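Chemist: only geometry, no sequence info:
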């Protein structure tokens, strides 16, 4: 399942629901929670920060490999190059007041998903998150 959203301004919910509507998303409630939270964080980052004013596109894709039982979520955009995996992880031992702003979303994604990769190819940010679902 793959779809391009253009423009993405005010379309976070639509993009998230598109990905979560995949027949490959398992019925397991705990797993659905992890997938939704990771998708929400990743999509919101693109919608908020990739383009000035949200005027740009996002290609959202979800794939399921029957052999490995791995679900792959891929987000691709042509916004400002940004590798969220290069950010320092937040110090979650500090109180919210003492912690630096930002970085918590990708930290959550790293904890919820099995693997996250980023690359910048052909002028596009590509974020790939995978989760074994079986």
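Modeler: That came through fine. On a predicted model such as this, the values are computed, not experimentally measured, just so you know.
Chemist: use CA for all of it now, contacts and neighbours both
Modeler: Will do.
Chemist: roughly how far apart are the most centrally placed residue in the chain and residue 81?
Modeler: The centroid of the chain falls nearest to residue 42 when counting by Cα atoms, centre = their mean (2.8 Å). Using Cα to Cα, to the nearest Å, residue 42 is found at 15 Å from residue 81.
Chemist: pLDDT below threshold where in this protein?
Modeler: Where the chain drops to pLDDT under 70, the residues are 87-104.
Chemist: can you give me the strands in it?
Modeler: 2-5, 58-65, 70-77, 115-121, 124-132 (DSSP state E).
Chemist: out of the ones you listed, deepest packed?
Modeler: Neighbour counts (mean count of other Cα atoms under 10 Å) averaged over each of those peak at strand 70-77, with a mean of 21.
Chemist: any idea which helix is longest in the protein?
Modeler: Assignment by DSSP state H gives helix 29-49 as the longest helix of the chain.
Chemist: pull out the buried positions in that helix.
Modeler: 31, 34-44, 46-47 (16 or more other Cα atoms under 10 Å).
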